[in-house]
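Asks: Next input, structure requested:
(one chain, ligands or ions: 1)
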Amino acid sequence: MPKNRQSGFATRAIHIGQEPDAETGAVSAPIHPTSTYVQQELGKNKGYEYARVSNPTRTRLEENLAALEGGIAARTFASGMAAINAICTMFKSGDHVVCGNDLYGGVPRLFNQVLAGYGIEFTYVDTSDVKNVERAIRKNTRMVYVETPTNPLMALSDLEAISKVCRHKKVELVVDNTFMSPYFQQPIALGADMVVHSTTKFLNGHSDGLGGVVVCTIPEQAEKLAFVQKAAGAILSPFECWLILRGVKTLAVRMERHDRNGRFVAEFLARHKKVRKVFYPGLPEHPQYELAQKQMSGFGSMITFETGSLSNAKKLLKKVRVCSLAESLGGVETLISHPATMTHAALGEKGRRQIGITDGMVRISVGIENVEDIIDDLDQALATI
Ligand SMILES: *Cc1c(COP(=O)(O)O)cnc(C)c1O
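Replies: Sure, this is the predicted structure:
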């Protein structure tokens with residue numbers, strides 16, 4: 001079975017880091033729930049000493065995720081936020097970061113309420129226009145941090161154009177690829193220096209474990225992040241590593257189905273007379289439909305739509321039965337949420353208004369159920385508004 005990095009995506013997902021156990025032949029990677037490793041003699045061991053530093057199940061997962069994103073190495077952390085924080089621990093007081101103004105809600109919370117206190121400065125711009133990024137970069141800028149598509153507005157940023165600016169200005173481009181997964185978007189191939197994921201979402205895919213990863217393109221990043229794993233300790237447990245290793249085996253088929261269901265649901269919503277607007281990069285009316293086709297190989301299953309008011313959104317969310325009202329995304333089950341009071345509550349009313357998040361907006365992470373059932377469910381719930 002070909003297992004090299006040139007193999008197809010699904011083959012790599014199932015085979016890289018997923019080799020049968022050398023000792024027993026077990027096809028599924030063993031979980032090593034150990035805190036420490038016996039050493040043969042002083043200074044001589046089998047490559048493992050203490051589990052905060054490394055663990056064989058984690059080694060396998062990191063190899064696998066690096067191969068899926070086209071990086072040279074990956075470093076996993078206890079959650080997506082822990083992974084993003086790990087990148088920022090490489091900065092010093094006085095360093096500056098340029099980032100998108102429509103990010104996952106937890107990211108500005110970390111930046112403004114934790115890291116700003118250590119003297120790191122943040123500038124928020126609309127990264128869907130590369131000129132805004134270029135203008136915001138200063139002498140002390142270390143990183144440009146981009147999510148594409150954004151959450152919940154599904155705006156895209158042109159990664160190739162931004163990476164050119166970053167290269168020219170010698171600033172690292174970090175891309176949060178959680179929404180698309182490496183199956184539909186490959187930021188490193190488009191010029192990104194690092195890719196982060198909340199593996200909690202599509203990579204694990206079953207809403208049963210938290211995790212985060214940083215995929216690196218140069219050994220220096222991988223070394224520094226391994227040091228952060230060891231020094232700060234927000235590592236991923238062996239069981240969580242195993243869950244993700246299991247999850248990625250079906251990533252390709254899940255993403256195909258997520259994408260297919262997402263397109264059907266987006267088209268249904270776009271036709272529905274109670275729905276004022278649909279935000280989905282796979283609809284030709286999306287303002288960046290052309291960029292979506294160029295930079296992504298699918299459109300995924302994240303859709304935001306406008307119901308017109310808070311009371312309409314409330315009625316709809318109360319009536320859904322197949323869709324579950326819950327935070328998070330990327331699981332096999334369809335999850336529906338209300339950005340203004342859930343994921344983006346911390347932004348405040350003014351902050352939300354500035355970027356265009358309204359009280360009537362509903363976000364849906366379309367699962368891999370039978371799409372007719374999801375559509376029927378939304379249809380009966382929309383009938384009540
Ligand atoms: C969920 C999410 C995060 C944070 O990840 P956790 O695993 O919840 O810590 C970061 N970025 C995006 C885009 C996310 O959806």
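Asks: quick one, helices of this structure?
Replies: In order along the chain, the chain carries the following helices (DSSP state H): 9-15, 56-69, 80-88, 106-113, 130-136, 159-169, 181-184, 219-232, 238-248, 251-271, 289-295, 310-319, 348-355, 371-382.
Asks: Go through the longest one and flag the buried ones.
Replies: Using 16 or more other C-beta atoms under 10 Å as the burial criterion, the residues of helix 251-271 that qualify are 251-252, 254-255, 257-263, 265-266, 268-270. Using the backbone N, CA and C atoms, a C-beta is placed for each residue, glycine as well.
Asks: Let me know the pLDDT of residue 185.
Replies: Among the per-residue scores, residue 185 holds a pLDDT of 98.
Asks: these two touch, right, it and residue 177?
Replies: Yes - with contact taken as C-beta atoms under 8 Å, residue 185 and residue 177 are classed as touching, separated by 5.8 Å.
Asks: Please name the nearest non-neighbouring residue to the closest residue to the ligand within the stretch 151-300 of the chain.
Replies: Among the residues of the stretch 151-300 of the chain, residue 198 lies nearest to the ligand; the distance is 3.0 Å by C-beta to the nearest ligand atom. Closest residue to residue 198 apart from its sequence neighbours, by C-beta to C-beta, 6 or more residues apart in numbering: residue 80 at 2.7 Å.
Asks: what's around that neighbour, how many residues?
Replies: Neighbourhood size, residue 80 [other C-beta atoms under 10 Å]: 23.
Asks: Same question for the one 10 residues further on.
Replies: Residue neighbour count, defined by other C-beta under 10 Å, stands at 16 for residue 90.
Asks: One more: residue 206?
Replies: Burial of residue 206, expressed as a neighbour count using other C-beta under 10 Å, amounts to 15.
Asks: Now for it: which residues touch it?
Replies: Contacts for residue 206 (C-beta atoms under 8 Å, 6 or more residues apart in numbering) come out as 243, 247, 331, 332.
Asks: let's go with 10 Å and repeat that
Replies: 243, 244, 246, 247, 250, 254, 330, 331, 332, 333 (C-beta atoms under 10 Å, 6 or more residues apart in numbering).
Asks: In PyMOL, how would I select the buried members of those?
Replies: Selection command for PyMOL covering only the buried members of these, criterion 16+ other C-beta under 10 Å:
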select buried, resi 243+244+246+247+250+254+330+331
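Asks: Partner strands of the strand ranked longest in the chain, with direction?
Replies: For the chain, the strand that runs over the most residues, judged by DSSP state E, is strand 141-147. Strand pairing for strand 141-147, determined by DSSP bridges: strand 96-100 (parallel), strand 172-176 (parallel).
Asks: Burial check on the residue nearest to residue 344 when sequence neighbours are not counted, number of neighbours?
Replies: Once its chain neighbours are removed from consideration, residue 344 has its nearest residue in residue 105; the separation is 5.0 Å (C-beta to C-beta, 6+ apart). A count of nearby residues for residue 105, using other C-beta under 10 Å, gives 17.
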